[in-house]
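S.K.: would you be able to build a 3D model of this:
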Amino acid sequence: MKSQFFIKKDKNTIKNKCHELLKKCKIFLEKKDVQLIRMALDIAIDTHTDTKSGKGETYIFHLISVAQIAVEEMGLSTTSIICSLLYDVVKLKNVSIEEIEEKFGKSVSYIIKGLVKVSELNTEKIPLQSENFISILLSIADDVRVVLIELANNFNCIRNFESYSEKEQKQILIETVNLYAPIAHRLGLYNIKTEMEDLSMKYTEPDIYQTIQTKLIETKQKRELYINKFIEPIAIELKQLGFDCEIKGRSKSVHSIWKKMQKQEVPFEEVYDIFAIRIIINNSKDEKADCWNIYSIITNYYQPNTDRLRDWITVPKGNGYESLHTTVEGSVNKWIEIQIRTKRMDEVAEKGLAAHWKYKEASKNQVHDNWLKKVREVIENPTAKGLYDVDKADKYSSDVYVFTPNGDIKKLRSGATVLDFAYSVHSNVGDTCTGAKVNDKIVPIKQVLANGDRVEILTSKNQKPKLDWLSFVISPRAKNKINRAINEIQYRDAEEGKDILKRKLKQLKVEFNDENVFKLVTHFKFKKILELYQNVGNGKIDFIQIKEFFTILEKEEKKKLEKKNTEKKDQQRESFDKYLFSDKDLDKIDFSIANCCKPKSGEKIFGFVTVDKGITIHKTSCPNASYMIKNFPYRVIKIKWSKKEKNNIELINKE
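M.R.: I've put the predicted structure just below:
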């Protein structure tokens, strides 16, 4: 792509450019690495001192500029800097690839081979779709640093577009629009991507570009006055609250404005958000909390469009971009985009992978290999997880920031619900919570909250905590408060239930004792007496259920008693079969006088057959006579006093 011809050049200028590059490298590289870069510069200068690129720029300047872009904009290091300086040396066959490998190692020689292959690619024959370009480029370049160096090369070419021939310009534009600008976008190199798009438009759509650029210049003063007035109250409050912030107002790029005009089908004057304000927080200790606090301050002054809220702090973009974006309505119905980020996030936003993996190329371990692999994944697949540290994403995603109706910020765990929020306000608010208005929409207490939600809790005096609430709240505070409230409610219910049960049993003429209470516990299948009292107290067990239980129990116990008596009589009847006797057996039977009535000779008597004491003699008027005759008639026998001998008795035979 680069035509070469020879001229003489002021070597002092070349020396200054080299010194500038080495000075930047010394900041982060070891002494031995700087020496290797100096060696590469010497070889490049010897080859290209009199070589000119296109129509004007001395070619060694181009190579040094490419190396500087690789360092400053992409965070590349020693290997890539050397390759940026030397690949044309090999292409021109001034130095062999074997010599390069001997002096600088296998990695340098391998990347240079890839760069030579890519430089020979005829892009005019490739279909004009970025995916085709990227696929072909990656198939040629095994090492992704080849792509990054070519990106830096193209960027410097489009910057110096007018230095090239018409044919070269055409090729530069094709590669910029269809290949390198999309790659820069995927890698988060937004400064490079924006400048590439603007410069491409400048040369492909010069009239439109110039019109928009002119209008931006014409409206600059008015725009700056509006921005200054807009940010004034915010800046004052931020300072009062101790925030160290830098606030910038900037117009969107010409290319971005043109795209908005096309999409919205409006002229320049009616573009929705032609400029944006960026708030950069210096020395932030809690990045996410600080960003959301500033969001809260802004929305206290200006009404936000919640549909335009973009939270790339909790889950950054695949290329590592982190920022909190909101669009608010300023005066005269003008919508303004505000970007809130920390200084570190701003560096990431400006330099993409360079800020995330700054100079990681210099490391000699697995980190370096992983970095290159991730870069390739992002280029191949824009939806890949990319360069962002997953551990950091997990850390950030563990928090969510929401707001009260007054704009106070609340920090909750990710996954927190409306009920978690309610308990974070006050335990009474949580205990009586029935739902909430989230961004002016009514939602249930189980609703999971998202970053930036504005939450107004709805309550009812009739509401009280329930056991199932524990299944969806996630904050320890909410769980503790719910458990405590439920325990208090259960204790009150138990006390009240015990009193109710006493009264109800008294009405049923059932004694309130441990035995009867335990019967109820068993019947209702509770594990503890406390559960019975609680369920009586809260009305889950009523008087009818208790009455039915004891009515059935009484009937069952009566049946059991009757059955028991019958069985006892049968047993006794069986036992007395053993004591059947005849007249001749009387002499063998023992007799005794009953102590209960102590009958005397001559008084009317009867005999009662006992199990082990023979026959006891009772008066017919004995107090126990009727009981014995009624219940044990088979054990009663007729006897009388003997006439033969005093105090003797004799059996009266049945007639």
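S.K.: hey, let's count contacts and neighbours off CA atoms from now on
M.R.: Fine.
S.K.: did I read that right, residue 266 in a strand?
M.R.: No: the assignment for residue 266 by DSSP: H, G, I helix; E, B strand; the rest coil gives coil, which leaves it out of any strand.
S.K.: who are the contact partners of it?
M.R.: Residue 266 makes contact with no residue, according to C-alpha atoms under 8 Å, 6 or more residues apart in numbering.
S.K.: same thing with the one 5 residues further on?
M.R.: Residue 271 sits next to 257, 260, 261, 264 when contact means C-alpha under 8 Å, 6+ apart.
S.K.: ok, those vs residue 101, which is closest?
M.R.: Of all the contacts of residue 271, the one with the least separation from residue 101 (C-alpha to C-alpha) is residue 257, at 47.9 Å.
S.K.: what ranges do the strands span in the stretch 251-400 of the chain?
M.R.: Taking DSSP state E, counting those that start in this stretch to define them, one finds strands in the stretch 251-400 of the chain at 275-281, 303-304, 310-311, 324-329, 335-342, 399-403.
S.K.: also the stretch 1-150 of the chain?
M.R.: Counting by DSSP E, counting those that start in this stretch, the strands of the stretch 1-150 of the chain are 4-6, 51-53.
S.K.: that older thread, for the strands of the stretch 251-400 of the chain, which one ends up most surrounded?
M.R.: Of all the strands of the stretch 251-400 of the chain, strand 335-342 carries the top mean neighbour count, a mean of 23, counting by mean count of other C-alpha atoms under 10 Å.
S.K.: hmm, back to that, tabulate the strands of the stretch 251-400 of the chain (TSV), appending mean pLDDT.
M.R.: Rendered in TSV, the data for the strands of the stretch 251-400 of the chain read as follows (pLDDT from 0 to 100):
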stretch	mean pLDDT
strand 275-281	92
strand 303-304	90
strand 310-311	90
strand 324-329	92
strand 335-342	93
strand 399-403	77
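S.K.: between these, which gets nearest to residue 106?
M.R.: Across the strands of the stretch 251-400 of the chain, the minimum distance to residue 106, taken as C-alpha to C-alpha, is reached by strand 335-342, at 39.9 Å.
S.K.: now find how far off-centre that closest one is within its chain.
M.R.: From the chain centre to the centre of strand 335-342 is a distance of 24 Å (C-alpha atoms, centre = their mean, to the nearest Å).
S.K.: show the average pLDDT along stretch 620-629.
M.R.: Over the span of stretch 620-629, the pLDDT mean works out to 90.
S.K.: residues contacting that stretch, please?
M.R.: By C-alpha under 8 Å, 6+ apart, the surrounding residues in contact with stretch 620-629 are 596, 597, 604, 605, 606, 618, 619, 636.
S.K.: can I get those in CSV with neighbour count?
M.R.: What follows is the contacts of stretch 620-629, written out as CSV (neighbours: other C-alpha atoms under 10 Å):
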residue, neighbour count
596, 12
597, 16
604, 14
605, 20
606, 21
618, 25
619, 20
636, 18
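S.K.: which of the residues you listed fall in strands?
M.R.: In this view, those that belong to strands under DSSP state E are 605, 606, 618, 619, 636.
S.K.: which two among these are spaced furthest apart?
M.R.: The largest distance within the ones in strands among the contacts of stretch 620-629, taken as C-alpha to C-alpha, falls between 619 and 636 and amounts to 12.1 Å.
S.K.: joint contacts of those two?
M.R.: With contacts taken as C-alpha under 8 Å, 6+ apart, the residues that reach both residue 619 and residue 636 are residue 606.
S.K.: poorly predicted segments of the stretch 301-450 of the chain, please.
M.R.: Along the stretch 301-450 of the chain, the parts satisfying pLDDT under 70 run over 352-398, 407.
S.K.: ok, the stretch 551-655 of the chain next?
M.R.: Low-confidence segments of the stretch 551-655 of the chain, defined by pLDDT under 70, are located at 565-589, 643-655.
S.K.: that one: helices as residue ranges?
M.R.: Counting by DSSP state H, counting those that start in this stretch, the stretch 551-655 of the chain has these helices, from start to end: 625-631.
S.K.: neighbours of the nearest residue to residue 213 once chain neighbours are set aside, how many?
M.R.: Setting aside the residues directly before and after it, residue 213 is nearest to residue 254 in space (C-alpha to C-alpha, 6 or more residues apart in numbering), at 6.5 Å. Residue neighbour count, defined by other C-alpha atoms under 10 Å, stands at 24 for residue 254.
S.K.: repeat that for the one 5 residues further on.
M.R.: Around residue 259 sit 13 other residues, with neighbours defined as other C-alpha under 10 Å.
S.K.: next one: it, what pLDDT does it get?
M.R.: On pLDDT, residue 259 comes in at 89.
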